[in-house]
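> Predicted coordinates and the sequence they were generated for:
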Amino acid sequence: MIFIKNNIASTRPIRSYVKREGRLTKSQLHGLNNYWIKYGLEYNSKIINFEKIFKSHGPIILDIGVGAGESTINHAKLHPENNYLAVEVHRPGIGQLLNKIESAALKNIKIIQYDVMDILNKQIPNRSLSQVFIFFPDPWPKKRHHKRRLVSQKLIKLLKEKLVTHGRLHIATDWKDYAEYIIELASNDSGLINLAGENNFSPRPLWRTETRYECRGKKLEHKVWDFCYGLK
Ligand SMILES: C[S@@+](CC[C@H](N)C(=O)[O-])C[C@H]1O[C@@H](n2cnc3c(N)ncnc32)[C@H](O)[C@@H]1O
């Protein structure tokens, strides 16, 4: 794919995150050094064999942009019958999640550190995901940055290929403008059904953990919008 910037052709895709890494804490480093080997998957361009990596046939949940994984860990504890693929690009959050998986002795979470667009394109088998979570994606509120938003036509197209027939896509955001944009994107897209009814928001799922991003939004007096989509 070719991108034109200042009349210079570039092959670099626009990313939905900025690679900035502060110092890792001792605890994050401990997690990365000791437990990545147990729960991490190296990105490559091969299709993942979920049964092989989880040693079970459980439904697969893709949690995109997990941060420190507070929500992933709670869901995985409540549902040992499911298997969770947690995707995140930043190591500090991954270090924290690794520590949590180890202390809860969970066998149903694996982590990949890479851009989810590449993972979906290369590694996720079609019709393999029972649910996809996108909770509090970075809002990119400035108009000139909207093209960086994770939820996009391209992402939706890929997810439609990857979800199983009765699969669900759950999204939450505390940015009004992003919420309106998601509704518009999904309603223009004939392949998805809004399970709350067209142009409606869903009630907050009781099982969704309140993470620090949600708390931060609430402190800013933001409302929170939830969405649940199925395949047509
Ligand atoms: C605001 S945080 C939300 C974390 C978590 N979902 C929660 O609700 O607390 C969004 C996360 O998405 C990650 N992210 C953004 N774009 C991504 C991408 N293309 N692939 C993987 N992770 C991404 C960011 O690194 C960031 O940690």
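Thanks, I have it.

> Can you pull the residues of this structure lying near the ligand?
Within the chain, the residues that sit near the ligand (CB under 6 Å from any ligand atom) are 16-17, 65-67, 71, 87-90, 93, 115-117, 135-138, 150, 211, 213. Glycine gets a C-beta too; all of them are placed from N, C-alpha and C.

> what do you get if the cut-off is 5 Å, keeping everything else the same?
Neighbours of the ligand within the chain, by CB under 5 Å from any ligand atom: 16-17, 65, 67, 87, 89-90, 115-116, 135-136, 150, 211, 213.

> Report the closest residue of the protein relative to the ligand.
Nearest residue of the chain to the ligand (CB to the nearest ligand atom) works out as G65 at 2.3 Å.

> Name the nearest residue to that residue, sequence neighbours excluded.
In space, and not counting its chain neighbours, G65 is closest to P137: 5.8 Å by CB to CB, 6 or more residues apart in numbering.

> Tell me if I'm right that that neighbour and S16 touch.
Yes. Assessed by CB atoms under 8 Å, P137 is found in contact with S16 at 7.1 Å.

> Where do the strands of this structure begin and end?
Remark: strands assigned in the chain by DSSP state E are 3-5, 8-10, 40-41, 60-64, 83-88, 109-113, 129-135, 163-173, 192-194, 225-231.

> need those in CSV with mean neighbour count, can you?
Below are those laid out as CSV (neighbours: other CB atoms under 10 Å):
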stretch, mean neighbour count
strand 3-5, 9
strand 8-10, 9
strand 40-41, 17
strand 60-64, 25
strand 83-88, 26
strand 109-113, 22
strand 129-135, 21
strand 163-173, 19
strand 192-194, 17
strand 225-231, 19
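
> Compile those into a markdown table and extend it with columns for mean pLDDT.
Listed next are the strands of the chain as a markdown table, based on pLDDT from 0 to 100:
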| stretch | mean pLDDT |
| --- | --- |
| strand 3-5 | 48 |
| strand 8-10 | 53 |
| strand 40-41 | 98 |
| strand 60-64 | 98 |
| strand 83-88 | 98 |
| strand 109-113 | 98 |
| strand 129-135 | 98 |
| strand 163-173 | 97 |
| strand 192-194 | 94 |
| strand 225-231 | 96 |
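
> Nearest residue to the middle of the protein?
In the chain, the residue lying closest to the centroid (CA atoms, centre = their mean) is I64, at 0.9 Å.

> Would you confirm that it contacts F136?
No. In this structure, I64 is not within contact of F136 by CB under 8 Å, at 10.7 Å.

> Grab the nearest non-local neighbour of G40.
Once flanking residues are discounted, G40 sits nearest to I111: 5.3 Å by CB to CB, 6+ apart.

> oh sorry, the question was meant for L192
Leaving out its chain neighbours, the residue that sits closest to L192 by CB to CB, 6+ apart is Y229, at 4.5 Å.

> The one you found bridge partners, please.
Counting by DSSP bridges, Y229 forms beta bridges with L169, N194.

> Many thanks, have a good one.
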